[in-house]
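# just coords:
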C-alpha cells in the first residue's frame, strides 16, 4: 500500500515538474536569459532523481546520442547506422558502442528532436538514456513524458553542436539505474 502511494507520488511530482514547472521556468528563462541553462539543468537533475526513485528495471532500454558527439573530421556517417563507426577512438562513439554491446542495448544517433521522437515511436522502449545538450535534453524529457528518461548532458568544449563529448561513466551510471 505505502509503496504504491510512494510510486504514485513520485509520478505526480515528475508530471508536475515536466508539465507545469518546466514550461514556467522556460518562460522565466525567456526574460532572464543568463539563467535559462541553469533552469534546464535543474529540470534534468530533478527528473533524473525522480526516475531513479521509481526503481524501473528493464532490458528494453534505448540509448540515444546526438550526432555532434561524432568528430567533425570523420569521413564515416553514423547517423543512419551507428555500426558504420570504424571505432578509431577519436570521439566517444567507440566507447559508447562498446558499453551498449556489453549490456546488449539499442544505441541510436538522433540528428534532432523529430528523429528522436520517431525513434521512440518506432522502437517503443520501456525507458531511455539520452545524451544531449541541456536545451534538447530538457525538452526531449518533457516531450517523452510519461516514458522514463534519464538525461546525461554533453560537454561542449568547442561550442554547441560541434565535437561534443560525454562522460562514458555517467552514461554507464544511467544505464545501471535501469538494467537488472
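Structure received. Here the structure is a predicted model, which is why all the values come from computation and not from measurement.

# Please verify my assumption that residue 50 contacts residue 14.
Yes - judged on CB atoms under 8 Å, residue 50 makes contact with residue 14 at a distance of 4.4 Å. Just so you know, the C-beta spots here come from the backbone N, C-alpha and C atoms, and that holds for glycine as well.

# Next, count neighbours for residue 28.
For residue 28, the tally of surrounding residues (other CB atoms under 10 Å) stands at 12.

# For the helix ranked longest in the chain, list every residue counted as buried.
The longest helix of the chain (DSSP state H) is helix 36-54. Under the neighbour-count criterion of 16 or more other CB atoms under 10 Å, helix 36-54 has 36, 39-40, 42-44, 46-48, 50-52 buried.

# try stretch 16-26
17-18, 21-22, 25-26.

# Which of these sits closest to residue 147?
Nearest to residue 147 among those is residue 18, at 10.8 Å by CB to CB.

# Quick check, the closest one in contact with residue 145.
Yes - with contact defined as CB under 8 Å, residue 18 reaches residue 145; the gap is 4.7 Å.

# mind listing what the spatially most central residue of the chain touches?
Closest to where the C-alpha atoms of the chain average out (CA atoms, centre = their mean) is residue 130, at 1.7 Å. The contact partners of residue 130, by CB atoms under 8 Å, 6 or more residues apart in numbering, come to 63-64, 116, 137, 140-141, 149-152.

# what's the helix or strand for residue 4?
Here residue 4, judged by DSSP states H and E, is contained in helix 2-16.

# Same check on residue 108?
Residue 108 belongs to strand 106-110 when elements are defined using DSSP H and E.

# Which positions in that strand come out as buried?
Within strand 106-110, the residues scored as buried using 16+ other CB under 10 Å are 107-110.

# go on, stretch 53-69?
For stretch 53-69, a neighbour-count test (16+ other CB under 10 Å) marks 61-69 as buried.

# among those, which two are most distant?
Within these, two members stand farthest from each other by CB to CB: 61 and 68, at 22.1 Å.

# what's the distance between residue 121 and residue 115?
To residue 115, residue 121 is 11 Å away according to CB to CB, to the nearest Å.
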